[in-house]
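J.: sequence and predicted structure, then a few things I'm wondering about:
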Amino acid sequence: MLGYFGPAGTFTHQALRRITTEEALPFATVPRALDAVRDGEVTAALVPIENSVEGGVTATLDNLASGRPLVIAQEVIMPVSFVLAVRPGTALGDVRRVLTHPHAHAQTRAWVANHLPGALVTEGGSTASAAQEVADPESRHDAAICAAVAAELYGLEEAASDIADNPDAVTRFVLVRLPGETPAPTGADKTTLVAYMHADRSGALLEILEQFAMRGVNLTRIESRPTKKAYGEYCFSIDAEGHVGEPRMRGTLKGLHRVCREVTFLGSYPRADGVRPKIARGFTAADYDAAEHWMDDLLGRPHRA
Ligand SMILES: O=C(O)C(=O)Cc1ccccc1
């Protein structure tokens, strides 16, 4: 059984529907969904990790970085479109209190300022739980910012639709499982990791970046996050093009292990867009093999497979 950041009607739920039609268990928070994987209650869980407008979903990034080990098995990238959902009969002009998820709030701030200038927006668990709460006639909230499917599911009406400030926004979700054997590279893969640098070392960040650059590995995301252990101490959450099964990525991870205080591997998995990175001359698996064979010759050893 799979789990997801729920309840039914969240954007995460819609993203899950893109990869499976199987029944799945909703969890009200990202940490609860991830702990359900850790405790074996579900085999994997889908959670939001990044948005093209608002950036990283810190609840996910931080839990993956510091909780009991988990790895990403798959990613889903999906456009998101928001509606303002109200109890039947409520007019747009009557909306004073709005409930939604922090990422939905961040992506509709300008719309709310322009169309509901006096309204108070409260951030809550998820967009679907906001819709569920607004559906209660006793609710002190007049509207939820959520997906059209959530409005329908919880019996609300759309007082306004397509209210995102940036209509091209997409959210990235990841399916997370317990660590195990990493599936073979597909040729279009990503690797996610967290690098903790030595705080007292000048040039430590440059050393981290060098490990990627010197092996022709392109980064698709890098964010600094506080380690939460001491003020001023940061780690770097990184996505890079490539798979740990490729020699250039293996070399990068080994290099990071040498120069960092700690490295947390969060998985190598197929990228949602299927884009195969162009590997520069000198960095392909064949180039690494040829260098190994040359070294074996220098040492007078038989070639290793
Ligand atoms: O609350 C939800 O529906 C989620 O799945 C999180 C979220 C919120 C806003 C945009 C994308 C995902």
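T.: Structure received.
J.: contacts, neighbours, all on C-alpha from now
T.: Fine.
J.: what about D39, neighbour count?
T.: As a burial measure, D39 scores 10 neighbours (other CA atoms under 10 Å).
J.: isn't A73 up against V174?
T.: Yes. The criterion here is CA atoms under 8 Å, and A73 meets it with V174 at 7.4 Å.
J.: show me which of these two is the more surrounded one.
T.: Neighbour count, other CA under 10 Å: between A73 and V174, V174 has more, with 25 against 21.
J.: give me phi/psi at that one?
T.: phi -130, psi 140 (degrees, to the nearest 10).
J.: list the single closest residue to it in space, sequence neighbours excluded.
T.: Distance criterion CA to CA, 6 or more residues apart in numbering; nearest residue to V174, sequence neighbours excluded, is E75 at 4.4 Å.
J.: ok, now V83?
T.: Nearest non-adjacent residue to V83, counting by CA to CA, 6+ apart: S161, 4.2 Å away.
J.: likewise for I222?
T.: The spatial neighbour of I222 that comes closest, neighbours along the chain excluded (CA to CA, 6+ apart), is I238 at 4.5 Å.
J.: just say helix, strand or coil for that neighbour.
T.: The three-state assignment at I238 reads strand, by DSSP: H, G, I helix; E, B strand; the rest coil.
J.: how close does it sit to L219?
T.: 7 Å (CA to CA, to the nearest Å).
J.: ok, A169 next?
T.: A169 sits 20 Å away from L219, going by CA to CA.
J.: kindly report the same for P137.
T.: For P137, the distance to L219 - CA to CA - is 48 Å.
J.: settle it for me: which of these two has more neighbours?
T.: Neighbour count, other CA under 10 Å: between P137 and L219, L219 has more, with 17 against 10.
J.: pLDDT wise, what is that one at?
T.: pLDDT, L219: 97.
J.: tell me the contacts of it?
T.: 212, 238-241 (CA atoms under 8 Å, 6 or more residues apart in numbering).
J.: apply 7 Å and report the result again.
T.: When contacts are counted by CA atoms under 7 Å, 6 or more residues apart in numbering, L219 touches 239-241.
J.: next one: H293
T.: Shown in contact with H293 (CA under 7 Å, 6+ apart): H303.
J.: which helix or strand contains it?
T.: Here H293, judged by DSSP states H and E, is contained in helix 285-299.
J.: buried residues in that helix?
T.: Using 16 or more other CA atoms under 10 Å as the test for burial, helix 285-299 gives 288, 293.
J.: could you give the average pLDDT over that helix?
T.: Taken as a whole, helix 285-299 has a mean pLDDT of 94.
J.: now swap in stretch 254-272 and tell me
T.: Stretch 254-272 comes out with an average pLDDT of 97.
J.: which other residues reach that stretch?
T.: Outside stretch 254-272, the residues that touch it by CA under 7 Å, 6+ apart are 65, 70-77, 182, 186, 188-198, 208, 211, 243-244.
J.: buried ones among the residues you listed?
T.: For the contacts of stretch 254-272, a burial check counting by 16+ other CA under 10 Å picks out 65, 70-77, 188-198, 208, 211, 243-244.
J.: so which of those residues sit within strands?
T.: Judged by DSSP state E, strands contain the following of the buried ones among the contacts of stretch 254-272: 71-77, 189-196.
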